[in-house]
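**Q** Pasting the sequence and the predicted coordinates here, then a few questions.
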Amino acid sequence: MPKVSYGETPFILTYGTEAMIPVEINVPTDRMRLTGEENEDDLRLNLNFTEERREAAARREVEYKKAMEKYYNSRVREVKFKVGDLVLWENETGRQQGQGKLGPRWEGPYQVIWAGDKGAYKMAYHTGEEVPRTWNAMQLRKYYA
C-alpha cells in the first residue's frame, strides 16, 4: 500500500518498479503481455526514474510533516506556571514504582520555586525543602486551593 506521508510504496522506492503479486502471474495484465525484451526496456526505464521518484517522495514527506506539525501546534495549549504557584505532579513520573491502577494519579501540592524558559520547573515541599529534580510542564497540573 502507498504510504500516506510520501505517496509511494516502499517497494517502488527501493526497486524502482511495482511489486508483482502471484495473482498477476495467472491473470493476463498489460505488464504480463510484454515480451522479454520489452519488459527489460520498461524495467530499465523505471530504474532511470527511481531517483526522481525518491526525491519527489522526500519532498512530499517534508510537506506532510509540516502539515502535521502545524495541525498539532494549533491544538496544543501551552501551560506556564509562575514562581509561587501550587502544582500537582503526575504520580507515574514521580515514583520509582507505580501505585497500580487504583493508586492516585497526581501527587502534591508542591510550590514552584524556579521556572525555566523551556517548560522546566523546580519544586519545593510544603516544608520549604527543595525537591531534588526538575519537572517538565507536561507532567504538572495547577492546584486550586
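**A** Sure, I can see it.
**Q** Gly128 in helix, strand or coil?
**A** Of the three states, Gly128 takes coil according to DSSP: H, G, I helix; E, B strand; the rest coil.
**Q** Mean pLDDT per element in the chain, and the minimum belongs to which helix or strand?
**A** Taking mean pLDDT, DSSP states H and E as the measure, helix 30-33 is the helix or strand of the chain with the lowest mean score, a mean of 64.
**Q** any idea which helix or strand comes after that helix?
**A** helix 36-48 (DSSP states H and E).
**Q** What strands line up against the lengthiest strand in the chain, and which way round?
**A** Longest strand in the chain, counting residues (DSSP state E): strand 106-115. Using DSSP bridges, the strands paired with strand 106-115 are strand 86-90 (antiparallel), strand 120-124 (antiparallel).
**Q** what bridges to Leu86?
**A** Applying DSSP bridges, one finds that Leu86 bridges with Gln111.
**Q** In terms of pLDDT, where does it sit?
**A** Leu86 is assigned 94 on the pLDDT scale.
**Q** Where do the domain boundaries of this protein fall?
**A** 10-75, 86-142 (automatic domain parsing).
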